[in-house]
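Asker: Fold the following.
(chains A and B)
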Amino acid sequence: MEPPDPPTITPASTPALEMRGITKRYPGVLANDAIDLEVRPGEIHALLGENGAGKSTLMNILYGLAVPDDGQILLDGTPVEMRSPAEAIAYGISMVHQHFMLVPVLSVADNILLGDEPVAGLFFLDRRRAHARLRELAGGFGWDLDLDAPVGSLSVGWQQRVEILKALYRNASILVLDEPTAVLTPQETQEIFAVLRRLTGEGYSVIFISHKLYEVLEIADRITVIRRGRVVGQRVPAETDEDDLAELMVGREVQLTVDRGESHPGAPALVVESLRAADDRGHEVVHEVSFEVRAGEIFGIAGVAGNGQDELVEALAGLRAPTAGRVRLEGRDVTGHSARDLHQRNVAYVPADRHRFGLVLSYPLTDNLVLTDYYHAPFARGIVRDDGAITRHAATAIERFDVRTPSTTAIAATLSGGNQQKVVVARELDRELRLLILDQPTRGLDVGSIEFIHRQAIAKRDAGTAILLVSAELDEILELSDRIGVMYRGRLVAIVDGPSASREEIGLLMATGGREVTPTGSASPVA
Amino acid sequence: MDFVLHLPVIGLLLQFVGYLVVVSVQNGNLIITLATPIGLGALCGFMNERSGVVNIGIEGMMLTAAFIAWYVAALAGQVLPAGTPGPLGITLPLLVGLAAALAAGVLVSALHAWLSITVRADQIISGTIINIVALGITGYLGLLISQNSPSSAGNFSSLSLPAGVDGIPVLGWLLNTVIEHGPITLSMLVGVVVLQVLLYRSRWGLRTRAVGEHPRAAETVGIDVIALRYRNVLLGGLLAGLAGAWFTIEYGNSFQGGMTNGRGFIALAALIFGRWTPVGAVGAALLFGVADALGTAIRQGPPTGDLGTFLTAVPPQLFSALPYIVTIVVLAGVVGRSVAPAADGQPYERESKAT
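Answerer: This is a model prediction of the structure:
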């Protein structure tokens, strides 16, 4: 295999890639409706759109994972057909998927080789030759990669680099990155941006898929916006801004940041003292975490996913028994109390995974809206359900929380993600609360639904509820929180003031844990 | 049973361990022989599960192949001249029977592949169907045919070493244990080494592991997941066919209904115990072979002294049940720690429906 050749730069007049009139129908959905996309050699072209707008479908078509019903793909001006990923790869297209396409138990080298293995003799892998080439490729970026380490042992940032090496190893000239920053810290994001700029400088073309407006503005040369399967506009970063892009993307004017107003924190509602919890395999992943959340404030917990937030939240929501420590709710010890008991004490919990924990997907909305209260009046009389009361309750909740559904008895699985989350929010928030636990409340939602849920959270805060917000989206934390705690490897490494916190400061803490900070002032845990 | 209470338990246990070692060494050849259908069955399971298809139908595949091998060989024996048996007792009718058994293994596997890969049916159900149907049909046909049974075509014989080799210390024992076997057992011994090497050193092995762990990742680098799964399941059918043929044209020369007697399920246990690697699976099969041989050894020549008194006092049926007891103990001890391929049992859908 010859050393990596940067692709030859074709004259600017011929686009490296052109997709013309791409149309793709799925049962009941027109996922792509005559989409045109043009990518020039050496440019970073952003594809912007909400979830479900059709970005992934378009890229799956480009990568041979889906077959378009209509339309044409041209590479360097020549029409081509992509019937499988193998063909797309042969044409020099490589894709870094949002969920990395890496096999965790295989080594870094094997993951990169897979599908394009150098073979010596009849069928034996020529690992030595492959390793030499990979070391050269990684060395070009100054990356010190252990090629024999299992990919599962690498951090997400490094896994992404493995994905990029995978593309370069295949001599790709067009790189598609699907939401590459979704799992990265701000620092890792900057690093990956630097890599992308360097690649385009060498003549590679990059398609950058995202729904994060400021990122697109920072990295892209041109931006194509897609809404409901159609191209609704094309922009150059210099001539647009976040508001303009958001409006194009959503189709109406959107308030990107909710006006959070003044908060008026009261007495501590939730006090957590030296809490410890273990994961399902019995390893302690929450170490001595202490903090408090006051009535009428939003306490945000930032952190890269997998630093113990899940276990912490479950311990607080009554879903996981803490191994040590105390949890007090308005002074009462509720450590290890059950979820139902906490619910009865006016604690609400919006889980991160609405499909597995928030909803019973195969149940109608009526039942999903009473999952926490079906067993007592007014929804039950003795051991018998009161279907009349349940239906009336559903009708009210659906209206009040603006759930877009064909009927109160629609099956939860048939709703869009945003509407599903509104159902969870309606069930959990539609009463007086002492404590509200929001775990990744807007993950995977479109801008409109995010706006709605953030408004609801602010309204609850203003009504005097203590809110614990856990999110891997740093923007969400910064936007809503009055105070911010950062979790790193199971410890709460810092607690900072929300309104004055900077992205860089929090990002650094998320990535490195900083030094152990003793919370002071209003943040000090009550002994 | 009064004397049992007076026995020094520790001493007895030590004696038993010693006896176990002696039995294992003395019966090395028998152990490998008895481990053959389990080992081949486990290799069949390996081919399936490493590429992401659960196969609990190994028992049925083996039973079908056992019946076909016997019946086709017997039929061929009526038409074709047997001639003088070649080395390893190879005759034309036996080869025809063997080929038919391999074909039967592949055919039943094709059914399993189609149900699990193309139709995306529940793979446990598919395997269960194969087991039930195989047991019923071969049992019924076996009874029907035995009324006017064609005479058996005989069976393969073991490789015989030149006289005197047995006398060489250690090497003689080793050669006797490993080499003096029929062709099917020998093919297992070769097969396990070949598969182990290919799994970690060949392109096929790398792709198989990737497809069993993360099929979508494999597809995105241009690997045809469906084709690879089909290929591996069908090749696994060859191994199940070999395992079945062992019963009726190598170890024995006749067919009885249900004669595989759960070996296909023990093969699955061996696969898990062996952590889904060829060498591990066949190593585990040997352990079951030891359990099998132990029962035979105690029946035929019980040890002397207290241990002998004790062992002969135990009902012999218990020793026949040993392989199954070992299966339960092994699975109970190991199941939590042995990790299956991540995509094992999950049907693969090529085009994502997500938008």
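Asker: What parts of the stretch 201-350 of chain A come near chain B?
Answerer: Counting by Cβ under 8 Å from any Cβ of the partner chain, none of the residues of the stretch 201-350 of chain A come close to chain B. No exception for glycine: its C-beta is placed from N, CA and C like everyone else's.
Asker: For the stretch 201-350 of chain A, which residue gets nearest to chain B?
Answerer: Nearest residue of the stretch 201-350 of chain A to chain B: residue A:229, at 8.1 Å (Cβ to the nearest Cβ).
Asker: Would you mind confirming that that residue makes contact with residue A:25?
Answerer: No - using Cβ atoms under 8 Å, residue A:229 is not in contact with residue A:25; the gap is 9.4 Å.
Asker: quick one: low-confidence ranges for the stretch 1-150 of chain B?
Answerer: Under the criterion pLDDT under 70, the flagged ranges of the stretch 1-150 of chain B are B:1-7.
Asker: hang on, the earlier thing: spit out the residues that contact residue A:229 and residue A:25 alike.
Answerer: Common neighbours of residue A:229 and residue A:25, counting by Cβ atoms under 8 Å, 6 or more residues apart in numbering or on different chains, are residue A:31.
Asker: hmm, back to that, do you know how far the residue of the stretch 201-350 of chain A closest to chain B is from residue A:176?
Answerer: From residue A:229 across to residue A:176, the span is 18 Å (Cβ to Cβ, to the nearest Å).
Asker: quick one: which of those two has more around it?
Answerer: Taking other Cβ atoms under 10 Å in any protein chain shown, residue A:229 and residue A:176 do not tie; residue A:176 has more neighbours (27 against 24).
Asker: dump the residue contacts of the closest residue to residue A:489 other than its chain neighbours.
Answerer: Spatial nearest neighbour of residue A:489, chain neighbours left out: residue A:307 (5.9 Å); criterion: Cβ to Cβ, 6 or more residues apart in numbering or on different chains. Residue A:307 makes contacts with A:487-490, as judged by Cβ under 8 Å, 6+ apart.
Asker: Adding neighbour count and secondary structure, write the residues you listed out as JSON lines.
Answerer: Formatted as JSON lines, those follow (neighbours: other Cβ atoms under 10 Å in any protein chain shown; DSSP: H, G, I helix; E, B strand; the rest coil):
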{"residue": "A:487", "neighbour count": "24", "secondary structure": "strand"}
{"residue": "A:488", "neighbour count": "20", "secondary structure": "strand"}
{"residue": "A:489", "neighbour count": "13", "secondary structure": "coil"}
{"residue": "A:490", "neighbour count": "22", "secondary structure": "coil"}
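Asker: Among those, which one lies nearest to residue A:128?
Answerer: Of all the contacts of residue A:307, residue A:489 has the smallest distance to residue A:128: 37.1 Å, by Cβ to Cβ.
Asker: pLDDT value on that closest one, please?
Answerer: In this model, residue A:489 is scored at 90, pLDDT.
Asker: List just the nearest of the contacts of residue A:307 to residue B:302.
Answerer: Of all those, the one with the least separation from residue B:302 (Cβ to Cβ) is residue A:490, at 59.2 Å.
Asker: In chain A, where is pLDDT below threshold?
Answerer: Along chain A, segments meeting pLDDT under 70 span A:1-13, A:256, A:515-527.
Asker: how does it divide up, domain by domain?
Answerer: A:17-250, A:255-346+A:432-527, A:366-430 (automatic domain parsing).
Asker: Among these, which comes closest to residue B:267?
Answerer: Of these, nearest to residue B:267 by Cβ to Cβ is domain A:17-250, at 23.6 Å.
Asker: check contacts around the residue of the stretch 201-350 of chain A closest to chain B.
Answerer: If a contact means Cβ under 8 Å, 6+ apart, then residue A:229 has A:29-33, A:35, A:53-54, A:57 as its contacts.
Asker: got it, and residue B:93?
Answerer: Taking Cβ under 8 Å, 6+ apart, we find residue B:93 in contact with B:73-74, B:76-77, B:80, B:82, B:153.
Asker: Quick check: ChimeraX command selecting the buried ones in those.
Answerer: A single ChimeraX command selects the buried members of the contacts of residue B:93 (16 or more other Cβ atoms under 10 Å in any protein chain shown):
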select /B:73,74,76,77,153
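Asker: Could you export the contacts of residue B:93 as TSV, including distance to residue B:47?
Answerer: Converted to TSV, the contacts of residue B:93 look like this (distance: Cβ to Cβ, whole Å):
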residue	distance to residue B:47
B:73	25
B:74	29
B:76	28
B:77	31
B:80	32
B:82	33
B:153	29
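Asker: about what we covered before: which one of the domains of chain A lies nearest to residue B:148?
Answerer: In terms of Cβ to Cβ, the element of the domains of chain A nearest to residue B:148 is domain A:17-250, at 49.1 Å.
Asker: Can you measure across that closest one, start residue to end residue?
Answerer: 27 Å (Cα to Cα, to the nearest Å).
Asker: now do stretch B:247-258
Answerer: Across stretch B:247-258, the straight-line distance between its terminal residues is 11 Å, by Cα to Cα.
Asker: residues in contact with residue B:315?
Answerer: Neighbours of residue B:315 in contact, by Cβ under 8 Å, 6+ apart: none.
Asker: Likewise for residue A:479?
Answerer: Residue A:479 makes contacts with A:257-258, A:260, A:454, as judged by Cβ under 8 Å, 6+ apart.
Asker: which SS state does it fall under?
Answerer: Assigned by DSSP: H, G, I helix; E, B strand; the rest coil, the conformation of residue A:479 is helix.
Asker: How is the closest residue in space to residue B:138 that isn't next to it in sequence assigned, secondary-structure-wise?
Answerer: Nearest residue to residue B:138 in three dimensions, chain neighbours excluded: residue B:67, at 4.0 Å (Cβ to Cβ, 6+ apart). Residue B:67 falls in the helix class when you classify it by three-state DSSP.
Asker: tell me the contacts of residue 320?
Answerer: Here I'm looking at chain A. Contacts for residue A:320 were tallied using Cβ under 8 Å, 6+ apart; they are A:277, A:311, A:314.
Asker: I was after chain B.
Answerer: Residue B:320 sits next to residue B:295 when contact means Cβ under 8 Å, 6+ apart.
Asker: and what of residue B:214?
Answerer: Each residue near residue B:214 by Cβ under 8 Å, 6+ apart is listed here: A:101-104, B:342-343.
Asker: With that, I have no additional questions.
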